[in-house]
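Peer 1: requesting a structural model of the entry that follows:
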Amino acid sequence: MSDKTMTADEVVSRLESGMTLGIGGWGSRRKPMALVRALLRSEITDLTVVSYGGPDVGMLAAAGRIRKLVAAFATLDSIPLEPHYRAARECGAIELTEIDEAMFMWGLRAAANRLPFLPVRAGIGSDVMRVNPGLRTVTSPYEDKETFVAMPALRLDAALVHVNRADRQGNGQYLGPDPYFDDLFCEAADTAYVSCERIVDTAELTKEAAPQSLLIKRHTVTGVVEAPNGAHFTSCAPDYGRDEAFQKRYATTPWQEFAARFLAGDEQSYQSAVREET
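Peer 2: Next comes the predicted model:
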């Protein structure tokens, strides 16, 4: 079995402008922020980003890297609306496809199963259909004749996710309370890159945690990056919680000032700047 370890910059070197990029995690929880920061150090732009949005969306939008966003929300959790995302939307800098959370999940599931769409009840009777006139409905061919939203597959060129542990072959383990659909992001993508707090031997993955914690299977993974504190400032339970003080700094600081202070150098520079702040 091949060793899939690489650096964050090596991951980004495999990405291209114009791609459809899925980013795992949920709001301000277990986001692959080290990979996002590496992406911000590149010249890649014109992205379609598919995400249960958090600061990943806010940073990429503020830096002008997003052409289109597909999302159910963009939040920092303890700060309800991601401020840099909001600024980008208010000035019309990005195109938005806003859908229900369940529709989003079924779009990933359809892509993971290489289906063009999946029927879903979510969205029926809501403004989702009005604000997304391209959505279609289907009628059950059986006696019930029920009408469903035909949620199109959310096919991804690449996916970025972050987990607690991984091995060198690409098996990824979450140890917190929620998988956040990261497995679906990997399965829906042509290539998938997993960052983790720590790379361990395969046998260690199930030594102290149940087998079902092995969320991500190696056959769906292209590359693995060891990135301690790689979800900062979002949470990565149980390894660490959300850095609320730093998140507030991010949310209340003009983007150019924040980027100059924390994103001008490499990942080591970022982590050093964070330590200086605290």
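Peer 1: all helices for the stretch 101-250 of the chain, in order.
Peer 2: With DSSP state H, counting those that start in this stretch, the ranges of helices along the stretch 101-250 of the chain come out as 101-112, 128-131, 182-188, 244-252.
Peer 1: quick check: buried residues in the shortest one?
Peer 2: Yep, that's helix 128-131 we're talking about. Of all the residues in helix 128-131, those buried under the rule 16 or more other Cβ atoms under 10 Å are Val128. All C-beta spots, glycine's among them, are computed from the backbone N, C-alpha and C.
Peer 1: which outside residues touch that helix?
Peer 2: Glu98, Ile99, Asp100, Met103, Ala122, Gly123, Leu135, Thr137, Val149 (Cβ atoms under 8 Å, 6 or more residues apart in numbering).
Peer 1: my guess is the fourth one contacts Gly123, does it?
Peer 2: Just to be clear, that refers to Met103. Yes. Shown here, Met103 and Gly123 form a contact pair, counting by Cβ atoms under 8 Å, at 5.4 Å.
Peer 1: deepest-packed of the helices of the stretch 101-250 of the chain, please.
Peer 2: Burial among the helices of the stretch 101-250 of the chain, expressed as mean neighbours by mean count of other Cβ atoms under 10 Å, is greatest for helix 182-188, which shows a mean of 26.
Peer 1: okay if I get the helices of the stretch 101-250 of the chain as a markdown table plus mean pLDDT and distance to Arg275?
Peer 2: Below are those laid out as a markdown table (pLDDT from 0 to 100; distance: least, Cβ to Cβ, whole Å):
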| stretch | mean pLDDT | distance to Arg275 |
| --- | --- | --- |
| helix 101-112 | 97 | 35 |
| helix 128-131 | 94 | 43 |
| helix 182-188 | 98 | 28 |
| helix 244-252 | 97 | 11 |
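Peer 1: save those helices as a markdown table, and put in distance to Ala87 too.
Peer 2: Shown next, in a markdown table, are the helices of the stretch 101-250 of the chain (distance: least, Cβ to Cβ, whole Å):
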| stretch | distance to Ala87 |
| --- | --- |
| helix 101-112 | 23 |
| helix 128-131 | 20 |
| helix 182-188 | 26 |
| helix 244-252 | 11 |
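Peer 1: of the ones you listed, which is nearest Cys91?
Peer 2: Among the helices of the stretch 101-250 of the chain, helix 244-252 comes nearest to Cys91, with 17.6 Å by Cβ to Cβ.
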